[in-house]
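Trainee: Whatever this is, show me its structure:
(2 chains)
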Amino acid sequence: MTARTYVKTMLLCALVSLAFGGLLLHLRIHPVSQNPSNLVAPVAGILSIVVVPFLFSRKNLVEYGYVLNGMLVIVGTITMTHFSLARWSVPATFETVVLKTLLADISLLWGNFFVGKALFDLEFFGYDPSREKKGKTWRYPNLGWWIAHLVAISAVYYAGHVLWR
Amino acid sequence: MKRFKIFALPWWILHVVMTVFFFWLGHAVRF
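Mentor: Modelled structure (predicted):
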């Protein structure tokens, strides 16, 4: 087994492990039977556990895996932020914002994103330690592109929430 | 690095479809 295959396997295990943990947490905290909106998490979880690792494991489908994984992280971030805002503690203190919102869960979710990013970068940029990072921050596949998409998707989601009742 | 052409679908179709989807998601998710 080459170092490349080994590291890729370890990262795929990390990805599945994180996604599986997230799915179980969701099923435990708020079952689908309580609220149809709770369906978003298990669907995203199953996609993360089954589809994303499959896409990452195929060389010609890595980009699809990278985009799907990132989009699922964005959906999770937006819906969990929405959930936190819907159950916002009043008065909000530093402690309630840090400990009583889903900040911890969102942080774990971004772990999933960065594992996907590492998988993608290893596939396309390889293991050359002296290779410099190139390209504009705001262009695909760099982090700025994801930030732009997080902002834009949040705006569309918010518009759907407010305008379509 | 090759120029990324992420999906076979044209860029604008993908964006229209995803915009509609996320607009609907915002409508559908009620906590």
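
Trainee: Only C-alpha atoms from now on, for both contacts and neighbour counts.
Mentor: Will do.

Trainee: near chain B, which residues of chain A show up?
Mentor: Proximity of chain A to chain B is confined to A:37, A:63-64, A:79, A:82-83, A:86, A:124-125, A:140, A:153, A:156-162, A:164-165 under the rule Cα under 8 Å from any Cα of the partner chain.

Trainee: go again using 6 Å as the cut-off
Mentor: For chain A, the residues in contact with chain B (Cα under 6 Å from any Cα of the partner chain) are A:37, A:156-158, A:160-161, A:164.

Trainee: now, the most widely separated pair of these?
Mentor: When Cα to Cα is used, the two most widely separated members of those are A:Ser37 and A:Val156, lying 17.5 Å apart.

Trainee: Neighbour count for these two, which is higher?
Mentor: A:Val156 (20 against 17; other Cα atoms under 10 Å in any protein chain shown).

Trainee: what's near enough to touch that one?
Mentor: B:Phe23 (Cα atoms under 6 Å, 6 or more residues apart in numbering or on different chains).

Trainee: quick one: what helix or strand has it in it?
Mentor: Under the criterion of DSSP states H and E, A:Val156 resides in helix A:143-163.

Trainee: In that helix, which residues are buried?
Mentor: A:146, A:150, A:153-161 (16 or more other Cα atoms under 10 Å in any protein chain shown).

Trainee: could you give me the average pLDDT of that helix?
Mentor: Confidence over helix A:143-163 (mean pLDDT, whole number) is 97.

Trainee: In PDB, could you pull the C-alpha coordinates for it?
Mentor: Taking Å, rounded to 0.1, in the frame of the first residue of the first chain, the C-alpha atoms of helix A:143-163 are listed here in PDB:
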ATOM      1  CA  LEU A 143     -11.800  28.500   0.900                       C
ATOM      2  CA  GLY A 144     -13.000  31.900  -0.200                       C
ATOM      3  CA  TRP A 145     -15.300  30.200  -2.800                       C
ATOM      4  CA  TRP A 146     -16.900  28.300   0.100                       C
ATOM      5  CA  ILE A 147     -17.300  31.400   2.200                       C
ATOM      6  CA  ALA A 148     -19.000  33.100  -0.700                       C
ATOM      7  CA  HIS A 149     -21.300  30.200  -1.100                       C
ATOM      8  CA  LEU A 150     -22.000  30.000   2.600                       C
ATOM      9  CA  VAL A 151     -23.100  33.700   2.500                       C
ATOM     10  CA  ALA A 152     -25.100  33.400  -0.700                       C
ATOM     11  CA  ILE A 153     -26.900  30.200   0.300                       C
ATOM     12  CA  SER A 154     -27.700  31.700   3.800                       C
ATOM     13  CA  ALA A 155     -29.300  34.700   2.000                       C
ATOM     14  CA  VAL A 156     -31.400  32.500  -0.300                       C
ATOM     15  CA  TYR A 157     -32.400  30.300   2.700                       C
ATOM     16  CA  TYR A 158     -33.400  33.300   4.700                       C
ATOM     17  CA  ALA A 159     -35.300  34.800   1.800                       C
ATOM     18  CA  GLY A 160     -37.200  31.500   1.500                       C
ATOM     19  CA  HIS A 161     -37.900  31.400   5.200                       C
ATOM     20  CA  VAL A 162     -39.200  35.000   5.400                       C
ATOM     21  CA  LEU A 163     -40.900  35.500   2.000                       C
END
